[in-house]
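Peer 1: no sequence on this one, just coordinates:
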């Protein structure tokens, strides 16, 4: 589609150029008098520009707000996943990788521009909401088409109909499509693809780069191996550290409740097996037991890999992309024991986790998805202060992560779920279909960002399309709203 004068004195004859390049059958030119008279409104122009593979602007004046708005975008604080680690989209650089469905994809370019207009907030059930400009396209499955199939999903790889008291496997007819954020309706399904493991070789912790910081007093670190292969037991230790651990320059520490006798014994055994001596201490205040290990190299590696404190902790990308299934399950079970619990409700077990780290709450979705589990995440907003046993305590917001139903089979050994019930999502062999439960519109003025990947899409964590139409200008002055020199 060409939105221009077809011929102009001193310019190019667009019909002749199209015929020369063999494009006359796939190109159309708007009536210049119609668009000069204002017969095309701004929304129509935005849609036309968004459909184009590229917009070429040859003039010396700006190409207008409609073309800028065709560049679908997200606010700078929205989250993408740089190799399965949550990061703001404004921090992503060309040449790095972001998650694109099952695996990371290389970022070809990034884009930033000012924007004033409406944002559409899309919230799938059990996930964080994401804001988009109206023309940003999202991969969805039409909810109306799925609902008439009377789906009852028991949380496994098939979807179930309840008929005459028996469970029958019924393959779904799923038609995926791209749809603008402004056109998505409540009940449509977004798509979260299950990540693939990059290699079955596992992961090896390399401590040699931290050897320079080993003090002369800490001779124990020097005597230990400089590489540690992550097996199921090491993964269990790391899961406990994510939940209950902290580190100084020379020690790493675990704080567990004094009533957790079994967990303390198990963790002490693992730490003695791989790190030697473990010092058990009882702090002067509180009812906790502290397990302390002196190893400056491993302590510094833990701080750099998992973060400094509870609110800043994160899950390293290799946990998702490189750990085999057995090690990943051991890591998650230990984390559940530390920051969560398993409760029974009407005879059904529910896995519940509470964390103050929003980053963990976002990243753990991919960990569970590797095990065919889709967690349900909610934000527990708390007042700033509370009175507990007569003392004033500062409270932070919590993020609650829950797994229940048949999915519990995938994380708890020996548990079999036999009941049939309607699920809150649809699980297929390689992806989850998650219904949209909240749509709202917000006014926004500020910077928006976007990026392009080799695969043409990226995850937020559900799949969305690359940024909108590339704009090509022959002169920097032709596109002052978006282009920069070079």
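Peer 2: Cool, the structure landed. Owing to the predicted nature of the structure, the values given are computational and were not obtained by experimental measurement.

Peer 1: Okay, and residue 458 sits in which element?
Peer 2: Assessed by DSSP states H and E, residue 458 sits inside strand 457-459.

Peer 1: Tell me the helix or strand right after that strand.
Peer 2: Per DSSP H and E, strand 457-459 leads on to strand 463-465 as the next helix or strand towards the C-terminus.

Peer 1: List the contacts of that following strand.
Peer 2: Contacts with strand 463-465, where a contact means CB atoms under 8 Å, 6 or more residues apart in numbering, come from 72, 100-101, 132, 136-139, 178, 190-193, 456-458. In this view, the C-beta of every residue, glycine as well, is placed from N, C-alpha and C.

Peer 1: of those residues, buried ones?
Peer 2: With neighbours counted by 16 or more other CB atoms under 10 Å, the contacts of strand 463-465 contain buried members at 72, 100-101, 132, 136-139, 190-193, 457-458.

Peer 1: Contacts only, for residue 439.
Peer 2: Contacts of residue 439 by CB under 8 Å, 6+ apart are 120-123, 184-186.

Peer 1: closest to residue 374 among the residues you listed?
Peer 2: Nearest to residue 374 among the contacts of residue 439: residue 123, at 14.9 Å, using CB to CB.

Peer 1: For the closest one, list each beta-bridge partner.
Peer 2: Beta bridges link residue 123 to residue 438 when assigned by DSSP bridges.

Peer 1: shouldn't it be in contact with residue 438?
Peer 2: Yes. Counting by CB atoms under 8 Å, residue 123 does reach residue 438; the two are 3.8 Å apart.

Peer 1: joint contacts of these two?
Peer 2: In contact with both residue 123 and residue 438: residue 129, using CB under 8 Å, 6+ apart.

Peer 1: Which helix or strand in this protein has the lowest average pLDDT?
Peer 2: strand 159-163 (a mean of 36; mean pLDDT, DSSP states H and E).

Peer 1: Relative to residue 380, which of the contacts of strand 463-465 is nearest.
Peer 2: Nearest to residue 380 among the contacts of strand 463-465, with distances taken as CB to CB, is residue 192, at 22.5 Å.

Peer 1: and the helix or strand where the closest one lies, what does it pack onto?
Peer 2: Assigned by DSSP H and E, residue 192 belongs to strand 189-193. Contacts defined by 3 or more CB pairs under 8 Å, 6 or more residues apart in numbering; DSSP states H and E place strand 189-193 against strand 137-141, strand 431-453, strand 463-465.

Peer 1: Would you map the helices across the stretch 151-300 of the chain?
Peer 2: 219-223, 232-244, 261-275, 296-306 (DSSP state H, counting those that start in this stretch).

Peer 1: Report the buried residues of the last one.
Peer 2: Translated: helix 296-306. Buried, per 16+ other CB under 10 Å, within helix 296-306: 296-303, 305-306.

Peer 1: Equivalent analysis for the second one, please.
Peer 2: Counting neighbours by 16+ other CB under 10 Å, one finds that the buried residues in helix 232-244 are 232-244.

Peer 1: closest to residue 81 among the residues you listed?
Peer 2: Relative to residue 81, the closest of these is residue 242; by CB to CB it sits at 17.6 Å.

Peer 1: Do I have it right that that closest one meets residue 306?
Peer 2: Yes. Using CB under 8 Å, residue 242 makes contact with residue 306 at a distance of 5.9 Å.

Peer 1: Need the overlap of contacts for these two.
Peer 2: What both residue 242 and residue 306 touch, as defined by CB under 8 Å, 6+ apart, is the set 313, 315.

Peer 1: before we move on, back to that, of the contacts of residue 439, keep whichever come out buried.
Peer 2: By neighbour count, with 16+ other CB under 10 Å, those hold 120, 122-123, 184 as buried.

Peer 1: Export the residues you listed as a markdown table, with columns for distance to residue 200 and pLDDT.
Peer 2: Converted to a markdown table, the buried ones among the contacts of residue 439 look like this (distance: CB to CB, whole Å; pLDDT from 0 to 100):
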| residue | distance to residue 200 | pLDDT |
| --- | --- | --- |
| 120 | 41 | 95 |
| 122 | 36 | 96 |
| 123 | 36 | 95 |
| 184 | 38 | 93 |
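
Peer 1: how about these in a markdown table, adding distance to residue 334?
Peer 2: Output for the buried ones among the contacts of residue 439, formatted as a markdown table (distance: CB to CB, whole Å):
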| residue | distance to residue 334 |
| --- | --- |
| 120 | 39 |
| 122 | 34 |
| 123 | 31 |
| 184 | 38 |
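
Peer 1: which residues of the stretch 351-486 of the chain fall in strands?
Peer 2: 376-380, 385-388, 391-394, 398-403, 426-427, 431-453, 457-459, 463-465, 471-473 (DSSP state E, counting those that start in this stretch).

Peer 1: contacting residues around the first one?
Peer 2: Contacts of strand 376-380 with the rest of the structure, by CB under 8 Å, 6+ apart, involve 125-128, 354, 361, 365, 397-404, 424.

Peer 1: Just give the nearest non-adjacent residue to residue 13, would you?
Peer 2: Nearest non-adjacent residue to residue 13, counting by CB to CB, 6 or more residues apart in numbering: residue 7, 5.0 Å away.

Peer 1: Look up the pLDDT of residue 44 for me, please.
Peer 2: Predicted confidence (pLDDT) for residue 44: 64.

Peer 1: Same check on the one 3 residues further on?
Peer 2: For residue 47, the model assigns a pLDDT of 58.

Peer 1: Hmm, residue 398 and residue 352 touching each other?
Peer 2: No. Residue 352 is beyond contact range of residue 398, at 11.2 Å (criterion: CB under 8 Å).

Peer 1: In contact with residue 199, which residues?
Peer 2: Applying CB under 8 Å, 6+ apart to residue 199 gives the contacts residue 322.

Peer 1: contacting residues for residue 398?
Peer 2: Shown in contact with residue 398 (CB under 8 Å, 6+ apart): 354-356, 380, 382.

Peer 1: For the residue nearest to it when sequence neighbours are not counted, report the pLDDT, please.
Peer 2: Spatial nearest neighbour of residue 398, chain neighbours left out: residue 380 (4.2 Å); criterion: CB to CB, 6+ apart. With respect to pLDDT, residue 380 scores 86.

Peer 1: What of the one 5 residues further on?
Peer 2: Residue 385 is assigned 61 on the pLDDT scale.

Peer 1: Check residue 424 too.
Peer 2: 76.

Peer 1: low pLDDT regions in the stretch 101-250 of the chain?
Peer 2: 146-172, 212-223 (pLDDT under 70).

Peer 1: Quickly note the distance from residue 268 to residue 237.
Peer 2: With distances taken as CB to CB, to the nearest Å, residue 268 is found 11 Å from residue 237.

Peer 1: what touches both of these two?
Peer 2: Common contact partners of residue 268 and residue 237 (CB under 8 Å, 6+ apart): none.

Peer 1: which one of the contacts of residue 439 is nearest residue 272?
Peer 2: Checking the contacts of residue 439 one by one against residue 272 (CB to CB), the nearest turns out to be residue 123, at 46.3 Å.
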